[in-house]
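[1] Curious how this folds, go ahead:
(one chain, ligands or ions: 1)
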Amino acid sequence: MSKTLLWRESIATFDPRPAGANPDRRRREPIPRPFVPSHKRHRTIFVSDTHLGTRGCKAELLADFLARNSCDTLFLVGDIIDGWRLKHRWFWPEAHNRVIQEILHKVDSGTRVIYVPGNHDEAFREYCGRFIAGIEIMREATHETADGKRFLVIHGDQFDGVIACAKWLAHLGDWAYTMALELNEICGAVRRALGLPYWSLSAMLKQKVKNAVDYICRFQDAVARETRERGFDGVVCGHIHHATIEELDGILYVNDGDWVESCTALVEDAAGHLEILRWTAFGESRDPAFAPAPVGEAVAAPA
Ligand SMILES: [Mn+2]
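    Numbers count the residues shown, from 1 in each chain. I've put the predicted structure just below:
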């Protein structure tokens, strides 16, 4: 049987019963997979914004991360399968199948898998409160850490209406700025040769980067405010592709990042300690601890 067929059949194993005891867990024979030598156990893993079905998805690294990291609970915090893109063009290479298989392998080996759909996979929101292939679908979830902190788990797109700003700006990083400076040099030389007045491309981009920083700040503030109002100690979200662990007015704002650019996941250990892992290489050779730069610093522009 082809692996694609295997996945399609798993998705088709639809359980119409309401949420509660998960009858799918531990029942099936685990999916055969290559031998994975190294393994790290976490209490909880959070991943989001994997955008499976798009060219940008770093599916090989994600499959490798899932294979080498196990957990009691796995949260899929939205934008997992990019339905928006798939609707226009079907793109599903083998590596994307492997990601699905690693997730199903976790279900089969007793991991509780919770899927909170985002805006790019909003089609799954119709199935909130149900199981698909042993995966619990929820509009939003709550998580209590080992040290007793209560977290709200949401994708975060519900705040788009609050923050009127183009979200692609948030994806613009400092690498783009460095590149812009080089482009600026070329642009300046061409304009000089044509006798045109000086015009700064980098200044224009600097303004756009500033807008991106503003956007991230406003998003974080809006999410933290909602979290506080609802009486949680913290929030885990995704959506803006910017991994961070920050305290905002007594609320722990945690963003697990993405698998399009940064390849980041949030993990919780047995003591309740939260950490962001950046999985940019296969196997063990990844950054052990990734401390993301504060928002302001991440895009600090050279003078
Ligand atoms: Mn999103």
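[2] How are the helices of the chain distributed by residue range?
    All helices of the chain, identified by DSSP state H, fall at 3-12, 59-68, 83-88, 94-108, 174-193, 201-229, 295-298.
[3] now the third one: mean pLDDT?
    Pointing back at helix 83-88 there. Mean per-residue pLDDT for helix 83-88: 89.
[4] Ok, the fifth one next?
    Rounded to a whole number, the mean pLDDT of helix 174-193 is 71.
[5] How many residues are close by the residue lying closest to residue 135 once chain neighbours are set aside?
    Using C-beta to C-beta, 6 or more residues apart in numbering and skipping the chain neighbours, the partner closest in space to residue 135 is residue 113 (4.6 Å). (Glycine included, C-beta is placed from N, CA and C.) Neighbourhood size, residue 113 [other C-beta atoms under 10 Å]: 23.
[6] Contacts only, for residue 113.
    73-74, 76, 103, 106-107, 134-136 (C-beta atoms under 8 Å, 6 or more residues apart in numbering).
[7] Can you pull the poorly scored residue ranges out of the stretch 51-200 of the chain?
    For the stretch 51-200 of the chain, the stretches with pLDDT under 70 are 161-181.
[8] Return the residues of it in contact with the ion.
    Proximity of the stretch 51-200 of the chain to the ion, by C-beta under 5 Å from the ion, involves residues 79, 118-119, 157.
[9] Between which two of those is the distance greatest?
    79 and 157 (8.3 Å; C-beta to C-beta).
[10] Neighbour count for the contacts of residue 113 - can I get that in a markdown table?
    Listed next are these as a markdown table, based on neighbours: other C-beta atoms under 10 Å:
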| residue | neighbour count |
| --- | --- |
| 73 | 17 |
| 74 | 24 |
| 76 | 27 |
| 103 | 25 |
| 106 | 23 |
| 107 | 25 |
| 134 | 23 |
| 135 | 26 |
| 136 | 23 |
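[11] Just the closest of these to the ion, please.
    The shortest approach to the ion among the contacts of residue 113 belongs to residue 76, at 12.5 Å (C-beta to the ion).
[12] these two touch, right, that closest one and residue 103?
    Yes. Contact criterion C-beta atoms under 8 Å: residue 76 and residue 103 qualify, at 7.4 Å.
[13] Now list whatever residues contact both of these two.
    113, 135.
[14] Setting aside sequence neighbours, what's the nearest residue to residue 243?
    Nearest residue to residue 243 in three dimensions, chain neighbours excluded: residue 257, at 2.9 Å (C-beta to C-beta, 6+ apart).
[15] What separation is there between the one you found and residue 244?
    Distance, residue 257 to residue 244, by C-beta to C-beta, to the nearest Å: 8 Å.
[16] Looking at the stretch 201-303 of the chain, which residue is nearest the ion?
    In the stretch 201-303 of the chain, the residue that lies nearest the ion is residue 239 (4.0 Å; C-beta to the ion).
[17] what sits against that residue?
    By C-beta under 8 Å, 6+ apart, the neighbours of residue 239 are 48-49, 78-79, 118-119, 155-157, 219, 255.
[18] Now it: closest residue in space that isn't a chain neighbour?
    Using C-beta to C-beta, 6+ apart and skipping residues adjacent in sequence, the residue nearest residue 239 is residue 156, 3.5 Å away.
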